[in-house]
Every structure is written in C-alpha cells, then in structure tokens.
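A.B. asks: model this:
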Amino acid sequence: MSAATCTLAGPATLATHTALRARIADFIAAGAGTIDWAGVDELDSSALSLIFHARRLAHAAGCVVHHDNLPAALDSLAELYGVRELLRG
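C.D. replies: Below is the predicted model:
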C-alpha cells in the first residue's frame, strides 16, 4: 500500500498560510506521507514556515513527512533567509 499524499495547489502565501497550516496538521495527524508542492503557483516566506511546521509536527507524532516537487523559488528564499541547509535536512 502506498503512503498518503497531500497535494497543495494555488498560492502558499501569507494569505493562505492559516488554511494550509491546518490542512498539513490534519494530514500529519492522519499518519503523514508526502506533501506534493507541484500545484503551488505562488509562494512567499510563509511556504518555508509550512515546511518547518510539517517537520516539527511529524517529529512530534513519530512519523515522517516528505516534500515532493518543491518550487525552485523556495530554494532562493531559503538562501535569502539563511535556512537552505535546514530545508535539505
């Protein structure tokens, strides 16, 4: 049986942060799996917060969350904020 996937679409910005944070929390509470970012068409630094939030929740729940298809712009933001290494870890 394959692991579950949470597919994100649309913007991952401050305007959508609260809803996406809740969706990710529910996904991880259900056992986690993979968060697919392929449908994200706009992002800001809130997207970094979502990744680190997912990681913290998964760690606390004793499960693993993977991120697929991270937008290239996210790497630039991670570099700008000095968290690129954390993004990869």
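A.B. asks: for this structure, longest helix please?
C.D. replies: Longest helix in the chain, counting residues (DSSP state H): helix 45-61.
A.B. asks: phi and psi next, for the residue lying closest to Asp68 once chain neighbours are set aside.
C.D. replies: Distance criterion CB to CB, 6 or more residues apart in numbering; nearest residue to Asp68, sequence neighbours excluded, is Asp36 at 4.9 Å. For the C-beta atoms, the positions are set from N, CA and C on the backbone; glycine is no exception. Backbone torsions for Asp36, taken as degrees, to the nearest 10, come to phi -100, psi 120.
A.B. asks: surely Ala12 touches Leu20?
C.D. replies: Yes: Ala12 is within contact range of Leu20, at 6.1 Å (criterion: CB atoms under 8 Å).
A.B. asks: list residues touching both of the two?
C.D. replies: The contact sets of Ala12 and Leu20 overlap at Leu50 (CB atoms under 8 Å, 6 or more residues apart in numbering).
A.B. asks: picking that back up, the residue nearest to Asp68 - how many residues pack around it?
C.D. replies: By other CB atoms under 10 Å, the residues close to Asp36 number 17.
A.B. asks: and for the one 10 residues further on?
C.D. replies: Ser46 is flanked by 19 other residues according to other CB under 10 Å.
A.B. asks: so what pLDDT did it get?
C.D. replies: For Ser46, the model assigns a pLDDT of 96.
A.B. asks: got the contact list for the closest residue to it other than its chain neighbours?
C.D. replies: Leaving aside its sequence neighbours, Ser46 sits nearest to His17 (CB to CB, 6+ apart; 4.3 Å). Listed by CB under 8 Å, 6+ apart, the contact partners of His17 are Ser46, Ser49, Leu50.
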